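[1] here are the coordinates; sequence isn't available:
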């Protein structure tokens, strides 16, 4: 029996310069490797031109496409869901919408009528976390949960048996990811560890200049390195060279970066926001702290540096958690969902 032709729709930015890989392109690549005919849009860098590429792709292959798998983000990204699902209904495609991002529930709350109209076109709605499934329970009776996936073979595990004050922060420089909180925590820790080092990796989405100003004002120029965007090779290198990964988000769902660093063996300290508590368990596979609290964040990092037993426990349990997100463990859920 021939496999259905899939069109994966959304911002697929991992192939552009300094672009962050998305779950959409991961899915497109892995479904193609599994033998599914796959079309994908859009890899275009210009976000304002992506709708035209999506329109072109869906229209061009409309007779061959069986299923659209649309990546549903908040803000302007939700227009892509609207556009693709509208076309899909015209061309009688099966519509699958995958919810993404910790900011999506607030977006839906503020635009409930619009979001409900668009998502009700879907034959199936998928949430990568139980958090998003709960947040959208008002929409429909059944939302299938299929977690984000990683290619585990790309993340060699190095167990940490102790932690030096070498910290990695890796998101984008944007207020949602709160890089300044990481700087404030290092300022606290420098009182105990003058040799502390932190690398901050990520693209500038408007807050890098302010972050650098706080670093200079705090006298941390020799302690903190701004590494810019980290591609996969550099991400793995930085992961090998650090002992603690911190996630300082104000809004979050199921961050793949946390799963990646746990896969490498870094113990994780994260703010407890959005869907984080559905992903991480405090003192089991991570340490969770309140958002916007540099004192508690620094205290959690200090605890790891002084407690090798806890470091070892979080390192091994974090890897075990990451293994549950390996494509080999997620693929069957996708196959079932596509047959739904």
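    Sure thing, it's come through. Just so it is clear, the structure is predicted and the values come from calculations on it, not from any experiment.
[2] now the helices for this protein?
    Along the chain, the segments classed as helices by DSSP state H run 23-33, 50-60, 77-91, 104-110, 112-119, 130-135, 179-189, 208-217, 232-240, 256-264, 276-279, 294-306, 308-323, 327-339.
[3] got the angle between the third one and helix 112-119?
    If you take axes from the mean of the first three to the mean of the last three Cα atoms, to 10 degrees, helix 77-91 sits at 40 degrees to helix 112-119.
[4] other SSEs contacting helix 77-91?
    In terms of contacts (3 or more Cβ pairs under 8 Å, 6 or more residues apart in numbering; DSSP states H and E), helix 77-91 is packed against helix 50-60, strand 67-72, strand 94-99, helix 112-119. To be clear about C-beta, it is placed using only N, CA and C from the backbone, and glycine gets the same treatment.
[5] now the last one
    If you count contacts as 3+ Cβ pairs under 8 Å, 6+ apart, helix 327-339 packs onto helix 23-33.
[6] report the buried residues of the helix it packs on.
    By neighbour count on 16 or more other Cβ atoms under 10 Å, the buried set for helix 23-33 is 23, 24, 25, 26, 27, 28, 29, 30, 31.
[7] please apply the same query to stretch 91-111.
    For stretch 91-111, by 16+ other Cβ under 10 Å, it's 93-105, 107-108.
[8] mind pulling up the pLDDT for residue 165?
    Note on residue 165: pLDDT of 98.
[9] what's the neighbour count on it?
    22 (other Cβ atoms under 10 Å).
[10] swap in the one 5 residues further on?
    The tally of other residues near residue 170 (other Cβ under 10 Å) stands at 25.
[11] and it, what is it in contact with?
    Contacts for residue 170 were tallied using Cβ atoms under 8 Å, 6 or more residues apart in numbering; they are 200, 201, 202, 230, 235, 238, 245, 257, 261.
[12] got CSV for the residues you listed, with distance to residue 38, pLDDT and neighbour count too?
    Formatted as CSV, those follow (distance: Cβ to Cβ, whole Å; pLDDT from 0 to 100; neighbours: other Cβ atoms under 10 Å):
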residue, distance to residue 38, pLDDT, neighbour count
200, 35, 98, 26
201, 30, 97, 22
202, 29, 95, 24
230, 27, 94, 22
235, 25, 95, 21
238, 31, 97, 23
245, 32, 98, 25
257, 25, 95, 21
261, 29, 98, 26
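[13] nearest to residue 216, of the residues you listed?
    residue 200 (13.7 Å; Cβ to Cβ).
[14] so who does the nearest residue to residue 149 once chain neighbours are set aside touch?
    Distance criterion Cβ to Cβ, 6 or more residues apart in numbering; nearest residue to residue 149, sequence neighbours excluded, is residue 330 at 4.2 Å. Applying Cβ under 8 Å, 6+ apart to residue 330 gives the contacts 146, 147, 149.
[15] can you lay out those as TSV showing distance to residue 127 and pLDDT?
    TSV is the format used below for those (distance: Cβ to Cβ, whole Å; pLDDT from 0 to 100):
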residue	distance to residue 127	pLDDT
146	8	95
147	9	94
149	14	96
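[16] among the residues you listed, who's most crowded?
    Of these, with other Cβ under 10 Å as the count, residue 149 tops at 23 neighbours.
[17] any idea how far it is from residue 25?
    Counting by Cβ to Cβ, to the nearest Å, the separation of residue 149 from residue 25 is 12 Å.
[18] with residue 253 instead?
    Taking Cβ to Cβ, one finds residue 253 at 18 Å from residue 25.
[19] contact partners for residue 164?
    243, 305.
[20] one more: residue 185?
    246, 248, 294, 297, 298, 301.
[21] do that again at 7 Å, thanks
    Neighbouring residues of residue 185 by Cβ atoms under 7 Å, 6 or more residues apart in numbering: 294, 297, 298, 301.
[22] what about the last one, how many neighbours?
    Read that as residue 301. Residue 301 has 29 nearby residues by other Cβ under 10 Å.
[23] run a quick neighbour tally on the closest residue to residue 295 other than its chain neighbours.
    Nearest non-adjacent residue to residue 295, counting by Cβ to Cβ, 6+ apart: residue 188, 6.4 Å away. When neighbours are defined as other Cβ under 10 Å, residue 188 has 18 of them.
[24] just residue 332 next, same as before
    10.
[25] how far away is it from residue 4?
    Counting by Cβ to Cβ - residue 332 and residue 4 are separated by 16 Å.
[26] and residue 115, by the same measure?
    Residue 115 is 27 Å from residue 4, where distance means Cβ to Cβ.
[27] look at these two and report which has more neighbours.
    residue 115 (22 against 16).
[28] where does pLDDT dip in this structure?
    1, 17-18, 141 (pLDDT under 70).
[29] how about a cut-off of 90?
    Residues of the chain meeting the criterion pLDDT under 90: 1-2, 12-21, 44-48, 76, 101-102, 137-142, 253-254, 339-340.
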